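Novice: got a predicted structure here, sequence first:
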Amino acid sequence: MESAIPITGAYERGNGLETGLLEALYSGGTGMVRLFRGGDLKGSRPMSNISVPFFKKPVETLFGTLKSLRPITLELVSGTDLEPVWDYLVKQYHYLGYQKLLGRRLKYLALVGEHPVAALSWSAAALKIGVRDRFIGWSDAQRKNFLDRIANNSRFLIFPWVLVPRLASHVLSLNIRRLARDWEQRFHQPLWLLETFVDPSRFKGTSYKAANWKCIGHTCRRYREPT
């Protein structure tokens with residue numbers, strides 16, 4: 001597995017679009033045909049114990065350029081009524097499916113208007129990775145003390161009905177710009193680095209490279225499922 005870490009700086013806070021997005025999903029614009037029960041919207045509950053929306057893949061594919069789709073916005077959905085929507089879409093359309101994230105995690109939906117085009121999640125860093133730890137140059141004691149300053153991009157999905165060149169790297173860059181602030185506000189801990197894993201048998205990591213991530217080597221085993 002390839003491991004990559006970018007150095008990031010600026011960030012911004014997105015505006016809440018939760019109500020509008022729910023209304024857009026339910027209206028049929030993206031194929032949502034059934035509401036889920038409000039009483040079941042608990043982000044900490046397992047997928048099998050919550051009522052999730054039934055989502056039909058749109059008949060029409062979304063084509064266009066980044067310029068024609070802008071503004072593309074990001075909504076932090078962790079702990080909101082939209083988190084089960086994120087869970088369901090990832091479960092249905094990510095090749096690895098849905099896996100409950102433990103510990104610190106943030107989930108985002110990327111929106112064009114009020115319609116979702118991508119899903120991302122960030123969670124706790126892998127405990128020990130040789131290439132990463134050598135790249136940073138820290139000792140075992142430093143790693144144990146400061147590992148929580150790294151976040152892992154545990155899921156990244158452009159929905160299969162969206163075919164827009166350079167959308168993936170654009171969405172990734174948008175997310176990185178606001179991630180440090182969101183993470184610190186939620187967990188009261190700064191972020192220093194980000195990491196992810198790319199399965200070279202399936203992907204080339206092009207969108208990460210375009211978003212200025214650095215490939216630092218290969219892991220000898222699967223510490224994390226790739227994004």
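Specialist: That came through, no problem.

Novice: ok, longest helix in this structure?
Specialist: Scanning the chain for the helix with the most residues, using DSSP state H, yields helix 167-187.

Novice: partner strands of whichever helix or strand comes after that helix and their direction?
Specialist: Using DSSP states H and E, the helix or strand that follows helix 167-187 in sequence is strand 193-198. Neighbouring strands of strand 193-198 in its sheet, by DSSP bridges, are strand 2-4 (antiparallel), strand 150-158 (parallel).

Novice: tabulate those strands in CSV, adding columns for mean pLDDT, distance to residue 82 and mean neighbour count.
Specialist: Just so you know, the C-beta spots here come from the backbone N, C-alpha and C atoms, and that holds for glycine as well. Formatted as CSV, the strands paired with strand 193-198 follow (pLDDT from 0 to 100; distance: least, CB to CB, whole Å; neighbours: other CB atoms under 10 Å):
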stretch, mean pLDDT, distance to residue 82, mean neighbour count
strand 2-4, 43, 28, 22
strand 150-158, 92, 15, 23
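
Novice: right, and those strands - which one's nearest residue 76?
Specialist: Each of those has some distance to residue 76 by CB to CB; the shortest is strand 150-158, at 13.5 Å.

Novice: CA atoms only for that closest one, dumped as CSV, please.
Specialist: Written as CSV, here are the backbone C-alpha positions of strand 150-158 (Å, rounded to 0.1, in the frame of the first residue of the first chain):
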residue,chain,number,x,y,z
ILE,A,150,-2.4,13.0,12.5
ALA,A,151,-5.7,12.2,10.8
ASN,A,152,-6.3,9.4,8.3
ASN,A,153,-8.5,9.9,5.2
SER,A,154,-10.3,6.7,5.8
ARG,A,155,-12.9,7.1,3.0
PHE,A,156,-13.1,9.1,-0.1
LEU,A,157,-15.8,8.5,-2.7
ILE,A,158,-16.9,10.3,-5.8
